[in-house]
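Colleague: A structural model of the following input is requested.
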Amino acid sequence: AAGAAVGPLIGGLLVEHLWWGAVFLINVPILLVLLPAAVRLLPDSCSRALHPWDAFSALLSVVGILALAFGLKEIGTGGADGPVVFLAGIGLLAWFVRRQRRSRSPMLDLGLFRRRAFSIGVAAVLLTVFALVGLELMLAQYLQLVLGDSPFQAAVRLLPLMAAAVAT
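Modeller: Here you go, the predicted model:
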C-alpha cells in the first residue's frame, strides 16, 4: 500500500520530466543497491538440496497467469483468440496445480488452502487489492483525461486514498 502511494508520485514526476519508459528504468538503480545487500544480509538457505527449484512448475505458473490475463484482455476487446488463450491459461494453471499436488517438494503448498482462515484471508486480500487498483486506475484516468491534471497532480490528489489504504 505504501508503494501504491509513493509509486504514482515518482511515476508522475518521471512521466512529466522524462518519458513514460522511465517508470520502468527507476527499478534499475534500486536493484543495483538491493541485490548486493541481499547477498550479504539474507541468510543462506541450507534446505536447497532438500527442496530443489522446479523451473518447469515456475514456467507453467507464469505462462498460465499471463495467458489468463491476456485472454481476459482479448475477450474484453472482442479479440477472436481471447477465449482460446483464456482457456489455455486455465489449462496451464490446472496442470500447475496437479504438478504441485504430486510433487514431494512443491513450490506452493496447496494444503494451506484447506485451512478456512488462510483461504478467506487470501480471498479478502485479493479482492481488496483488485478493488484498490481498479479504483486508483479509474480515478487517475479521470483526473488526467477529464479534469486535465498532470500525472503528478493526479498522484497528489490520490494521496488521501493511498494513505487510507496504508492505514487499513
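
Colleague: Which secondary structure elements does the helix or strand hosting Leu87 sit against?
Modeller: Assessed by DSSP states H and E, Leu87 sits inside helix 82-102. For helix 82-102, the elements it packs on are helix 55-77, judged by 3 or more Cβ pairs under 8 Å, 6 or more residues apart in numbering; DSSP states H and E. From N, CA and C alone the C-beta is placed, and that goes for glycine too.

Colleague: contact partners of the helix it packs on?
Modeller: 79, 81-93, 95-96, 99-100, 103, 106-108 (Cβ atoms under 8 Å, 6 or more residues apart in numbering).

Colleague: about what we covered before: and the helix holding Leu87 with helix 55-77, angle?
Modeller: Computed by axes from the mean of the first three to the mean of the last three Cα atoms, to 10 degrees, the angle separating helix 82-102 from helix 55-77 equals 150 degrees.

Colleague: Next SSE downstream of helix 82-102?
Modeller: Counting by DSSP H and E, the next helix or strand C-terminal to helix 82-102 is helix 116-141.

Colleague: Just the C-alpha atoms of the helix holding Leu87, please, in PDB.
Modeller: In PDB, the C-alpha atoms belonging to helix 82-102 read as follows (Å, rounded to 0.1, in the frame of the first residue of the first chain):
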ATOM      1  CA  GLY A  82      -9.400 -14.300 -26.400                       C
ATOM      2  CA  PRO A  83     -11.500 -17.400 -25.300                       C
ATOM      3  CA  VAL A  84      -8.900 -19.800 -26.600                       C
ATOM      4  CA  VAL A  85      -6.000 -18.100 -24.800                       C
ATOM      5  CA  PHE A  86      -8.100 -17.800 -21.600                       C
ATOM      6  CA  LEU A  87      -8.900 -21.500 -21.700                       C
ATOM      7  CA  ALA A  88      -5.200 -22.300 -22.400                       C
ATOM      8  CA  GLY A  89      -4.300 -20.300 -19.300                       C
ATOM      9  CA  ILE A  90      -6.800 -22.200 -17.200                       C
ATOM     10  CA  GLY A  91      -5.400 -25.500 -18.500                       C
ATOM     11  CA  LEU A  92      -1.800 -24.500 -17.700                       C
ATOM     12  CA  LEU A  93      -2.800 -23.400 -14.200                       C
ATOM     13  CA  ALA A  94      -4.700 -26.700 -13.700                       C
ATOM     14  CA  TRP A  95      -1.500 -28.500 -14.900                       C
ATOM     15  CA  PHE A  96       0.500 -26.500 -12.400                       C
ATOM     16  CA  VAL A  97      -1.900 -27.400  -9.500                       C
ATOM     17  CA  ARG A  98      -1.800 -31.100 -10.500                       C
ATOM     18  CA  ARG A  99       2.000 -31.000 -10.600                       C
ATOM     19  CA  GLN A 100       2.200 -29.300  -7.200                       C
ATOM     20  CA  ARG A 101      -0.100 -31.900  -5.600                       C
ATOM     21  CA  ARG A 102       2.100 -34.700  -6.900                       C
END
